[in-house]
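[1] Quick one, structure for this:
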Amino acid sequence: MSGPWQFVSDGTVVDIRACPGASDTLCAAIVGLPREPEVADPEVRGLLCGFRVMGDLRRSGAASERPAQWKGWVADPEEKLDGKEPEHHTATLTHVSENQARLDVLGPLGVLVETHWLLRVITPVTTGCR
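    The predicted structure is shown next:
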């Protein structure tokens, strides 16, 4: 599951790795942004690049269980752009296939409110955070 993954919805690329100091959990930070006018501004890129969008994702179920799932939190980077401290929302990351993952975001009552699809980035990230 480690490595660069791209959100299908907007092209943002995140790097999924073991969380610092906690090898049994996964975290994800933004490492690439789409080339759209709203993120072309270097100041905006500075706010988003490196922003941790997922954290404390712990494997649920047995290591051999497929599809693999991790439960933790997700934060909306749009809230950061609005000058707010992003809230952490409960999320489940499912490794659907070798190159596809699904991120389900749950609301306060545990109800599914959003689903995001991610694709493994095979080629080097060219959009980058500059």
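
[2] doesn't H89 make contact with E79?
    No - E79 is not in contact with H89 according to Cβ atoms under 8 Å; the separation is 10.4 Å. For every residue, glycine as well, the C-beta is placed using N, CA and C.

[3] quick one, which of those two is more surrounded?
    Taking other Cβ atoms under 10 Å, E79 and H89 do not tie; H89 has more neighbours (15 against 12).

[4] Centre of the chain to the host helix or strand of that one, how far?
    According to DSSP states H and E, H89 maps onto strand 88-97. Put simply, strand 88-97 sits 9 Å off its chain's centre (Cα atoms, centre = their mean, to the nearest Å).

[5] Same question for the following helix or strand past it: list its buried residues.
    Next along the chain after strand 88-97, taking DSSP H and E as the criterion, comes strand 100-106. For strand 100-106, burial by neighbour count (16 or more other Cβ atoms under 10 Å) applies to 101, 103-106.

[6] quick one: average pLDDT of strand 100-106?
    Mean per-residue pLDDT for strand 100-106: 96.
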